[in-house]
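Engineer: The amino acid sequence is not available; the structure is as follows:
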């Protein structure tokens with residue numbers, strides 16, 4: 001094909017091509033921004049840990065309200081736990097209530113909290129919260145069964 005018999009200029013086709021290129025560039029920039037922002041703020045790449053942080057927030061809200069049976073159900077991911085309490089005989093509601101009230105590191109019931117940040121690993125998400133203004137509580141949401149458990153390590157923001 002030579003210049004003498006080249007196809008006619010198609011404005012619609014060129015506009016469509018330009019719009020796809022600009023849209024792709026904007027999409028990639030937005031994804032990069034969301035990825036880095038989520039990581040830097042401590043909520044996981046692309047904010048993927050927000051559902052786990054929300055679950056921790058609901059759990060701590062139940063504890064703050066003194067609704068220990070509801071919090072216990074969230075802890076074990078079993079809202080109907082009262083129908084089979086023998087399943088959780090290793091960590092009964094009474095001990096759970098003591099752990100989150102009198103026997104706790106913060107020496108009393110939860111009066112305020114703030115879910116700070118989280119980190120994802122191969123088995124779940126570790127979530128750190130500040131309890132009663134000064135003490136840190138770190139729990140891990142297990143991906144396999146949705147239960148919460150105490151996490152023995154200190155978390156730090158960043159890598």
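Structural biologist: Arrived safely, thanks for sending. It should be emphasised that the depicted structure is a prediction, and the values quoted were computed from it without experimental measurement.

Engineer: Which SSE is immediately downstream of the host helix or strand of residue 117?
Structural biologist: If you go by DSSP states H and E, residue 117 is part of strand 113-120. Downstream of strand 113-120, the first helix or strand assigned by DSSP H and E is strand 124-131.

Engineer: List the neighbouring strands of the next helix-or-strand element following that next one plus their orientation.
Structural biologist: Per DSSP H and E, the first helix or strand lying C-terminal to strand 124-131 is strand 135-142. Looking at strand 135-142 with DSSP bridges, its partner strands are strand 124-131 (antiparallel), strand 148-150 (antiparallel).

Engineer: Need the winner for burial among those strands.
Structural biologist: strand 124-131 (a mean of 22; mean count of other CB atoms under 10 Å). For glycine as for every other residue, the C-beta is placed from the backbone atoms N, C-alpha and C.

Engineer: low-scoring stretches of this protein, by residue?
Structural biologist: Scanning the chain with the threshold set as pLDDT under 70 gives 1-3, 103, 106-107, 158-159.

Engineer: got the domain boundaries for it?
Structural biologist: Residue ranges for the domains of the chain, per automatic domain parsing: 10-41, 47-150.

Engineer: Dump those into TSV; add distance to residue 4 as well.
Structural biologist: Listed next are the domains of the chain as TSV, based on distance: least, CB to CB, whole Å:
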stretch	distance to residue 4
domain 10-41	18
domain 47-150	56
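
Engineer: Deepest-packed of these, please.
Structural biologist: Here the criterion is mean neighbour count by mean count of other CB under 10 Å, and of the domains of the chain the winner is domain 47-150, at a mean of 16.

Engineer: Out of the strands paired with strand 135-142, which gets nearest to residue 101?
Structural biologist: strand 124-131 (11.9 Å; CB to CB).

Engineer: Alright, I will stop here.
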